[in-house]
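Enquirer: Provided below are the primary sequence and the corresponding predicted coordinates.
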Amino acid sequence: MPVDPSWAGRTYPESGPYLVDGARLREFAVAVGTAAPACFDPAAAQALGYADVVAAPTFAAVIAQQAEAQYVRDPAAGIDFARVVHAEESFEHHRPIVAGDRLWAALTVKSIVERAGIAMVTTQVALHDAVRRPVATVVSTLAVRGEPVTMRAEDKVTDGSGRTLAGAGAQRRPGAVPGVAYPVTGAGGVAPDTFPPVTSAQGVAPGTSSPVAAAQGVAPGSSSAVAEVRRAPAQAGDRIGPVSVALTRADLGLYADASGDHNIIHRDDQAAREVGLPGVIAHGMLTMGRAVQLLVDWAGPDPGAVERYTARFARPVPVPPDGSAELAVAGEVVAVAGDAATVNLVVTLDGHKVLGKTQAVVRPRSADPAGS
């Protein structure tokens, strides 16, 4: 069944409230590798002007995906997840999400455009708080097509050592197109008011250290070792990083639990190969979430400083069963307006971009009240 283009412009009734608690935010912060104290310690968050611990910059996607399920899971819409890949994601934060928030989500199908047999479906989820103040806007673009296609030589996939895992003559998963890399799942079975619990396997509780951050040589509540903290005003041309970000199978498990995205392609090699992938790959949103931590650290660290963030998913990130995939992340300030810096990020694996057109607007703040 093809995607029904008549659904473009449809707006759904608001869903919610989605209850945000500190344990949930800490779990997600661990999964995306942040060491920002404000994500773990209420006192550190309050010192920056926030009411309680702050969400990592990509946390809003967890709530947005739950709202999007109203559309993508409706059989009449023609969205078959066997034919879906994640093409692009963007965030606009009107203010940071903090523990204690009660959020409502309004879903709109912004556009459905068919190009060469591929339906590009763009949705927008607007989040607001209990008094209807805007909190965040999340825009997602999915690419949907039917038949499998053959990888071109230039689309070959390599692991961190440069070994070719897939390339010319290999079959990509149904729906794969150049420049669109990541399969997506639905809302992870999470309903409003019911976030997955922080499991004991995470080993993370308020005031304790993060296993992910500890593996990177930092711990929640301490300053991050991965990027210089910005003290002087930013200037166009300033370079940030580069840093190396390691992704392991254990990291994929942490992110699956924190986000609700338990797609089997992120944990089972055979299942991934059956849909044309080289093996287990990282979640696209995990790659995006890990990459932006460079800017969180540079801004203070201040997880609420990232006001806008967008990326296109260009290539999958294969993660070996042993060892890790080593991403390189670097940034450059391309514009400054007042205290806001626009930064372009380059995220590569083995010299190839895995995120394209990746840009963020960063505005550090010292006392900006947040919370509903």
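Expert: It's in.

Enquirer: hmm, Thr123 is touching Ser111, no?
Expert: No - counting by C-beta atoms under 8 Å, Ser111 is not a contact partner of Thr123; they are 9.0 Å apart. C-beta coordinates here come from the backbone N, C-alpha and C atoms, glycine included.

Enquirer: who's more crowded, these two?
Expert: Thr123 (24 against 14; other C-beta atoms under 10 Å).

Enquirer: centroid-nearest residue for the protein?
Expert: In the chain, the centroid-proximal residue (C-alpha atoms, centre = their mean) is Met285; its distance is 3.0 Å.

Enquirer: now do it against Ala119, distance only.
Expert: 21 Å (C-beta to C-beta, to the nearest Å).

Enquirer: next one: Thr108
Expert: 17 Å.

Enquirer: those two: which has the busier surroundings?
Expert: Set Thr108 next to Ala119 and count neighbours by other C-beta under 10 Å: Ala119 wins out with 22 against 18.

Enquirer: just to revisit the earlier point, state the three-state secondary structure for the residue nearest to the centre of the chain.
Expert: helix (DSSP: H, G, I helix; E, B strand; the rest coil).

Enquirer: thought Gly260 was touching it, still the case?
Expert: No - at 10.9 Å, Met285 does not count as touching Gly260 under the criterion of C-beta under 8 Å.

Enquirer: list the buried residues in stretch 269-289.
Expert: 269, 272-273, 275-289 (16 or more other C-beta atoms under 10 Å).

Enquirer: endpoint to endpoint, it covers what distance?
Expert: 23 Å (C-alpha to C-alpha, to the nearest Å).

Enquirer: residues contacting the residue lying closest to Ala126 once chain neighbours are set aside?
Expert: Counting by C-beta to C-beta, 6 or more residues apart in numbering, Ala106 is the residue found nearest to Ala126 once chain neighbours are left out, at 4.7 Å. Applying C-beta atoms under 8 Å, 6 or more residues apart in numbering to Ala106 gives the contacts Thr11, Tyr12, Glu14, Ala67, Val125, Ala126, His128.

Enquirer: which of those sits closest to Val361?
Expert: Ala126 (18.3 Å; C-beta to C-beta).

Enquirer: so that closest one versus Lys110, what's the distance?
Expert: Counting by C-beta to C-beta - Ala126 and Lys110 are separated by 11 Å.

Enquirer: who has more neighbours, those two?
Expert: Set Ala126 next to Lys110 and count neighbours by other C-beta under 10 Å: Ala126 wins out with 21 against 16.

Enquirer: tell me the average confidence for the helix or strand the more buried one falls within?
Expert: Secondary structure from DSSP states H and E places Ala126 in strand 118-128. Mean per-residue pLDDT for strand 118-128: 95.

Enquirer: again with stretch 345-359
Expert: Stretch 345-359 shows a mean pLDDT of 97 in the predicted model.

Enquirer: and what of stretch 36-54?
Expert: Mean predicted lDDT for stretch 36-54 stands at 96.

Enquirer: now swap in stretch 25-32 and tell me
Expert: Here the average pLDDT along stretch 25-32 is 97.

Enquirer: stretch 272-281 now?
Expert: The average of the pLDDT scores along stretch 272-281 is 86.

Enquirer: distance from the chain centre to it, please.
Expert: 20 Å (C-alpha atoms, centre = their mean, to the nearest Å).

Enquirer: stretch 59-73 now?
Expert: Distance, centroid of stretch 59-73 to centroid of chain: 13 Å (C-alpha atoms, centre = their mean).

Enquirer: repeat that for stretch 354-364.
Expert: With C-alpha atoms, centre = their mean, you get 12 Å for stretch 354-364.

Enquirer: what does that stretch rub up against?
Expert: Residues contacting stretch 354-364 (C-beta under 8 Å, 6+ apart): 179, 181, 230, 287-288, 291-292, 295, 298-300, 302, 305-317, 327, 334, 339-348.

Enquirer: can you rerun that using 7 Å?
Expert: The contact list for stretch 354-364 (C-beta atoms under 7 Å, 6 or more residues apart in numbering) reads 179, 287-288, 291-292, 295, 299-300, 302, 305-315, 317, 327, 339-345, 347-348.

Enquirer: just the buried members of those residues?
Expert: By 16+ other C-beta under 10 Å, the contacts of stretch 354-364 give 287-288, 291-292, 295, 299-300, 302, 305-315, 317, 327, 341-343, 345, 347-348 as buried.

Enquirer: and those residues, which of them are in helices?
Expert: Among these, the members found in helices (DSSP state H) are Thr287, Met288, Ala291, Leu295.

Enquirer: ok, these vs Arg239, which is closest?
Expert: Distances from Arg239 to these, taken by C-beta to C-beta, are shortest for Leu295, at 12.5 Å.

Enquirer: these two touch, right, the closest one and Val333?
Expert: No - judged on C-beta atoms under 7 Å, Leu295 makes no contact with Val333 at a distance of 10.2 Å.

Enquirer: shared neighbours of those two, anything?
Expert: Residues within reach of Leu295 and of Val333 at once, by C-beta under 7 Å, 6+ apart, are Val343.

Enquirer: wasn't Val334 part of a strand?
Expert: Yes - assessed with three-state DSSP, Val334 lies in a strand.

Enquirer: surely it meets Ala341?
Expert: No - taking C-beta under 7 Å as the definition, Val334 is not a contact partner of Ala341, at 8.6 Å.

Enquirer: show me where the chain has strands.
Expert: 15-19, 84-93, 102-115, 118-128, 134-144, 157-158, 164-166, 182-183, 239-247, 306-313, 325-337, 340-349, 352-362 (DSSP state E).
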